[in-house]
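Give me a model of this one.
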Amino acid sequence: MRNRRLLTAAAAAAACMFAAFTAGSALGSPPAGTPAPAHAAPARAAAPAAAPGVQLQGWLYPGSAGEPQCAGQAEYADNRLKTGALKPEYWAVQPNGTLLLETTAQGLCNAYSAANVADLKAHSTYQYPTVSGMDTATVRALVGSSARRGQAVQQLTSLAVNAGLTGVDVDMEDYWSWSTGDFANYRTFLTQLATSLHAAGKRLQVDAPAMTEDAPYYDYAAVAATGVDELAIMAYDEEYDSDPGGKCKAIAPYAWLRQVVQYAQSKVPNRDRLVIGLPSYGYSAPASCDTSAIEGNIPFSVMRGKPGWSGNASTIEQRRDGGSGEIRWTSGGKLYDYVDQTALDRKLQVLTGLGVTKVSVWSLGGNPWFTR
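Purely as a prediction, here's the structure:
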């Protein structure tokens, strides 16, 4: 299965080029007096008080003015996440393994600035800036180097402390191409980061692939054992596991979603440490499925302009897929699929029926939100 952010790697990389701060810049470097990261087994930080019912979280990613993701700030201004968490991507891992701090000063929305931090705090209880690495070579350059790991741990901890943020969200992907050595180094990095954050009273969230059985490239229990406070399972993009030549699967079919959650719960029994990610976006693909030709992570605001789209209520219900709640239709030899508000509500019902207490949505910015 491929994650949604791999589909926008090129666009994200282009946006990152605007952020000219290197790992050693004034904003990216830890201030004098910041403790060096320890390497002992981390003690977990105290969990924040749980919000009544389900705690909701939302990811944001950077972009330039006019791009759909830049609507995210106006969306969360309605306080939909006032008792939940906001997770903006502030950091990008560079090909050489250093961290780039993405800032609003470089024309990016959803990026770091004192004003952005203040806005996050005004509209959420918890804030976890994301550090993003989207391909194996980039992840390997960071986690495979003791020096790079130490530098990154200091940078991430310093920003969380100085900005008064809840902690850090680690999103390093392309899991399916990782070697056993890559996974071991990744766990070492997480252990060091958890130790450093916990020593400062901060927390660590880690994004993980959707899985329904054991696999050599990732192990939920082993990652949880590094001291991670919350493991966020990205339960979406099942379309990339479609059989070639057939009809592409839905983004998150109900039955598959249940399997993903139940498997995760079997590996991490403490449900307060599990966050389940839900999709709020769409995709298109050849009607005869070719997973290499999927256009993914399409915001709803963009999907409305795709050929054959209809806002007619009866047409929408005719197109609603019974196995996922998603809206699916074909036009001009292409299949279109998107998660609307009703589909998002129904996926949430699946999760709450399984006892899930924390739910994160990819993503804010031009996409539906829950009815309530």
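
Where does the residue of the chain most remote from its centre sit, in terms of helix or strand?
Computed with C-alpha atoms, centre = their mean, the residue of the chain farthest from its C-alpha average is Ser314, at 33.1 Å. Taking DSSP states H and E as the criterion, Ser314 maps to helix 313-319.

in that helix, what's buried?
Arg319 (16 or more other C-beta atoms under 10 Å). Any C-beta I mention is one placed from the backbone N, CA and C, and that applies to glycine too.

now what about it, what contacts it?
Helix 313-319 has contacts (C-beta atoms under 8 Å, 6 or more residues apart in numbering) with Ser310, Ile327, Arg328, Trp329, Asp340.

Just the ones in strands from the residues you listed, please.
If you go by DSSP state E, these have Ile327, Arg328, Trp329 in strands.

now those residues in JSON lines, with distance to Leu197, neighbour count and pLDDT?
Shown next, in JSON lines, are the ones in strands among the contacts of helix 313-319 (distance: C-beta to C-beta, whole Å; neighbours: other C-beta atoms under 10 Å; pLDDT from 0 to 100):
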{"residue": "Ile327", "distance to Leu197": "40", "neighbour count": "25", "pLDDT": "98"}
{"residue": "Arg328", "distance to Leu197": "42", "neighbour count": "17", "pLDDT": "98"}
{"residue": "Trp329", "distance to Leu197": "46", "neighbour count": "18", "pLDDT": "98"}
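
could I get those residues as a markdown table with distance to Val268?
Formatted as a markdown table, those follow (distance: C-beta to C-beta, whole Å):
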| residue | distance to Val268 |
| --- | --- |
| Ile327 | 32 |
| Arg328 | 32 |
| Trp329 | 37 |
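
From Ala210, how far out is the closest residue to Pro279 other than its chain neighbours?
Spatial nearest neighbour of Pro279, excluding adjacent residues (C-beta to C-beta, 6 or more residues apart in numbering): Tyr236 at 3.7 Å. Remark: distance between Tyr236 and Ala210 (C-beta to C-beta, to the nearest Å) = 7 Å.

and what of Val268?
For Val268, the distance to Ala210 equals 14 Å [C-beta to C-beta].

quick one: secondary structure of Gly227?
The three-state assignment at Gly227 reads coil, by DSSP: H, G, I helix; E, B strand; the rest coil.

Run a quick neighbour tally on the nearest residue to Arg273 once chain neighbours are set aside.
Closest residue to Arg273 apart from its sequence neighbours, by C-beta to C-beta, 6+ apart: Glu230 at 5.7 Å. Residues lying near Glu230 (other C-beta atoms under 10 Å) number 25.

do Ala114 as well
9.

Equivalent analysis for Glu89, please.
With other C-beta under 10 Å as criterion, Glu89 counts 27.

Need the pLDDT of it.
Among the per-residue scores, Glu89 shows a pLDDT of 98.

isn't it right up against Leu101?
No - the criterion here is C-beta atoms under 8 Å, and Glu89 misses it with Leu101 at 10.7 Å.

what bits of this structure have low per-residue confidence?
Within the chain, the stretches with pLDDT under 70 are 1-52.

repeat that with 90
Applying pLDDT under 90 to the chain flags the ranges 1-53, 372.

hey, where'd the helices end up in it?
Assigned by DSSP state H, the chain shows helices spanning 9-16, 72-76, 114-122, 136-143, 146-162, 180-199, 220-224, 254-267, 300-303, 313-319, 341-353.
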